[in-house]
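Colleague: Please find the sequence and the predicted model below.
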Amino acid sequence: MTRLRVTNPSRSADVAEPDRHRGLGDRVLASSELGAVVDGVRRVGVLTVHSSPLASPGVGDSGGMNVHVRTLASELARAGVASDIYTRATSVDDPPVIEIEPGVRVLHLPAGPLEPVPKQLLPRYLCAFLCSLLRAGERYGPYDVLHSHYWVSGWVARLARERWSSPVVHSFHTLGRVKNSSLAVGEEPEPPTRLAGEERVVSTADCLLAATPSEARQLTELYGAPPSKVRIVPHGVDRSRFHPGDQALARAAVGTSRKHVLAFVGRLQPLKAPDVAVRALALLRRRWPELDVELLVVGGPSGNGAEEPQRSAALARQEGVAGRVRFLPAQPHDRLATVYQAADLLLVPSRSESFGLVALEAQACGTPVVAARVGGLSHAVGDGTTGLLLSGHDPEHWAAAVADLLASPRRLAAIGLAAARFAGAHGWDVTAARLLDAYGELVQGTRMPLLEQSG
Ligand code: UDP
């Protein structure tokens, strides 16, 4: 095997970040490190069976994972590492192979009906996907590393690995057991097939990537993953797209003339708890009627939230704030910066969140985040420094915290500055450098000690 060579071997943190954020990544690499030369890692086979990186995020099954897969492939291409991203064909119009930029191809594999299939039904098409993958691999492979996303892809990757002998890196993005421990009232638990599939992936993948120390702990404590397999690679933010901007212009662009604007951005489903944001807004209006505030809810229905937009709109009517809550359908990723810039605060009341890219994106725009103290959000938001972390989902508590912040423009501005500074140190280039590091170690057959970055 050839050796991993890194142009700048220094691994010390070179960007100051608030202490509260230690957990997100305690060794931030310089962007220039993306020029790293990783011998032995030239071609990566990426598996994302259930959702294409070409799908627009913010609705259905397309969200942070899609943004993550596509952006990292671009970053790796810039570092001289090519990615073939395999996904299931869902339409007769899906081209078998499409180069989306030099060094990044998306391959649509036939497996099951040529239409979208709910995630829960996908396991029945995984064998077909595997066969298509092995056939395509003969033509487009081989790969130095296979990187699978979400458990169904991990299931396929572990079998492809037997044929190709490429090491498998797996990212779960969400974990069934974690979701089941924080279900909203009436929400269906994740099925046993998923839990068993995840266990199998944990035991067979060569390396498990966790976005935060919390996810790393969940993998070891809830799934018995050997610590030596787990590696923390935090997510990032596209700093060229998400940056501070003129709030007045942004407000004009989103069509609001209120003094205060709150935003909720994400796929609408019970897990994301848009109801908490709507109820908090209603309480704000009741308790502090002088506050001229509105709430923008941005995103489309997803998974078990098919009725969520109507449910949230009905709740706003019932709470008497229909005129103060505006629902916008999922916005093109490019346009979201305007929403974040228009807002005084982003509310992220999720019941479970493995990372929460929207929190990092809003911070990159200089917008403080009020988030639930769950999962990755506890690492992505600095409590009292770049936003607030709230325990529980009591709308009273949320309304009081928001009112408090809106009443202190100076504090809000200081938090916004700290947020932009923090997010500025977490570009996708940093994530890509760490990912290359992980790939390189696998290819070399060496591994860093595990859970080195406990937070
Ligand atoms: N997003 C978008 N348009 C929308 C809503 C969301 O482009 O209308 C993007 C958002 O910018 C973020 C991703 O979808 O990059 C959501 O990621 P997050 O980690 O917050 O949640 P997930 O979808 O993974 O549950």
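Modeller: Cool, got the structure.
Colleague: residue farthest from the centroid of this structure?
Modeller: Glu290 (36.4 Å; Cα atoms, centre = their mean).
Colleague: So that residue, which state does it fall into?
Modeller: The local conformation at Glu290, judged by DSSP: H, G, I helix; E, B strand; the rest coil, is coil.
Colleague: Numbering from 23 from now on, please.
Modeller: All set: I'll call the first residue 23, so the last point we hit is now Glu312.
Colleague: Could you pull up phi and psi at it?
Modeller: phi -70, psi -20 (degrees, to the nearest 10).
Colleague: Could you give the number of residues near the residue in the stretch 123-272 of the chain that the ligand sits nearest to?
Modeller: Nearest residue of the stretch 123-272 of the chain to the ligand: His195, at 6.8 Å (Cβ to the nearest ligand atom). Bear in mind the C-beta positions are built from the backbone N, C-alpha and C, glycine included. Close neighbours of His195, defined as other Cβ atoms under 10 Å, add up to 22.
Colleague: residue contacts, it?
Modeller: Contacts here follow Cβ atoms under 8 Å, 6 or more residues apart in numbering; on that basis His195 touches Gly86, Met87, His90, His171, Tyr172, Ser376.
Colleague: What about Ala302, how many residues nearby?
Modeller: 27.
Colleague: which residue sits closest to it, ignoring its sequence neighbours?
Modeller: Computed as Cβ to Cβ, 6 or more residues apart in numbering, the closest residue to Ala302 that is not its neighbour in sequence is Trp420, at 3.9 Å.
Colleague: who touches that neighbour in this structure?
Modeller: Val298, Ala299, Arg301, Ala302, Leu305, Leu369, Pro371, Val392, Leu412.
Colleague: Inside strands: which ones of the residues you listed?
Modeller: Leu369, Val392, Leu412 (DSSP state E).
Colleague: which residues touch the last one?
Modeller: Meaning Leu412. Pro371, Val392, Ala393, Ala394, Arg395, His419, Trp420, Ala423.
Colleague: right, and the second one touches Ala365 too?
Modeller: Okay, so that is Val392. No - when contacts are counted by Cβ atoms under 8 Å, Val392 is not listed as touching Ala365 (10.8 Å).
Colleague: Neighbour count for these two, which is higher?
Modeller: Counted by other Cβ under 10 Å, Val392 and Ala365 do not tie: Ala365 has more neighbours, with 28 against 22.
Colleague: Can you tell me how far the more buried one is from Leu382?
Modeller: Going from Ala365 to Leu382 by Cβ to Cβ, to the nearest Å gives 15 Å.
Colleague: Then Ala423?
Modeller: On the measure of Cβ to Cβ, Ala423 and Leu382 end up 20 Å apart.
Colleague: same check, this time on Arg239
Modeller: Taking Cβ to Cβ, one finds Arg239 at 20 Å from Leu382.
Colleague: about what we covered before: quick check: ChimeraX command selecting the buried ones in the contacts of Leu412.
Modeller: A single ChimeraX command selects the buried members of these (16 or more other Cβ atoms under 10 Å):
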select :371,392,393,394,420,423
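Colleague: For the contacts of Leu412, name the two members farthest from one another.
Modeller: The largest separation in the contacts of Leu412, counting by Cβ to Cβ, is between Ala393 and His419 at 12.9 Å.
Colleague: count of residues packed around the closest residue to His195 other than its chain neighbours?
Modeller: The shortest distance from His195 to any non-neighbouring residue, by Cβ to Cβ, 6+ apart, is to Met87 (4.7 Å). A count of neighbours around Met87, defined by other Cβ under 10 Å, yields 25.
Colleague: which residues does Met87 contact?
Modeller: Contacts of Met87 by Cβ under 8 Å, 6+ apart are Thr70, Ser73, His171, Tyr172, His195.
Colleague: And Gly246, by the same measure?
Modeller: Contacts for Gly246 (Cβ under 8 Å, 6+ apart) come out as Glu221, Val224.
Colleague: Would you check how far apart it and His195 are?
Modeller: 19 Å.
Colleague: cool, and Arg222?
Modeller: Using Cβ to Cβ, one obtains 17 Å as the distance from Arg222 to His195.
Colleague: same thing with Tyr165?
Modeller: Tyr165 is 21 Å from His195, by Cβ to Cβ.
Colleague: And Cys387, by the same measure?
Modeller: In terms of Cβ to Cβ, Cys387 sits 23 Å off from His195.
Colleague: Surely Glu221 and Tyr245 touch.
Modeller: Yes - here Glu221 lies in contact with Tyr245, judged by Cβ under 8 Å, at a distance of 6.1 Å.
Colleague: Those two: who's more crowded?
Modeller: Remark: of Glu221 and Tyr245, Tyr245 carries more neighbours, 20 against 17, as counted by other Cβ under 10 Å.
Colleague: residue contacts, the more buried one?
Modeller: Tyr245 neighbours (Cβ under 8 Å, 6+ apart): Leu197, Arg199, Glu220, Glu221, Val224.
Colleague: coming back round to it: just put the contacts of Trp420 in TSV and tack on distance to Arg180 and pLDDT.
Modeller: Output for those, formatted as TSV (distance: Cβ to Cβ, whole Å; pLDDT from 0 to 100):
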residue	distance to Arg180	pLDDT
Val298	38	98
Ala299	39	98
Arg301	43	98
Ala302	43	98
Leu305	48	98
Leu369	39	98
Pro371	36	98
Val392	40	98
Leu412	39	98
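Colleague: Does Thr112 touch Ala133 like I think?
Modeller: No - using Cβ under 8 Å as the test, Thr112 is too far from Ala133 to be in contact (9.9 Å).
Colleague: Looking at those two now, which is surrounded by more residues?
Modeller: A direct count of neighbours by other Cβ under 10 Å for Thr112 and Ala133 places Ala133 higher, at 25 against 19.
Colleague: The more buried one contacts Arg157, doesn't it?
Modeller: No - contact criterion Cβ under 8 Å: Ala133 and Arg157 do not qualify, at 11.2 Å.
Colleague: mind putting the contacts of Met87 in JSON lines, secondary structure and pLDDT included?
Modeller: Shown next, in JSON lines, are the contacts of Met87 (DSSP: H, G, I helix; E, B strand; the rest coil; pLDDT from 0 to 100):
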{"residue": "Thr70", "secondary structure": "coil", "pLDDT": "98"}
{"residue": "Ser73", "secondary structure": "coil", "pLDDT": "92"}
{"residue": "His171", "secondary structure": "strand", "pLDDT": "98"}
{"residue": "Tyr172", "secondary structure": "coil", "pLDDT": "97"}
{"residue": "His195", "secondary structure": "coil", "pLDDT": "96"}
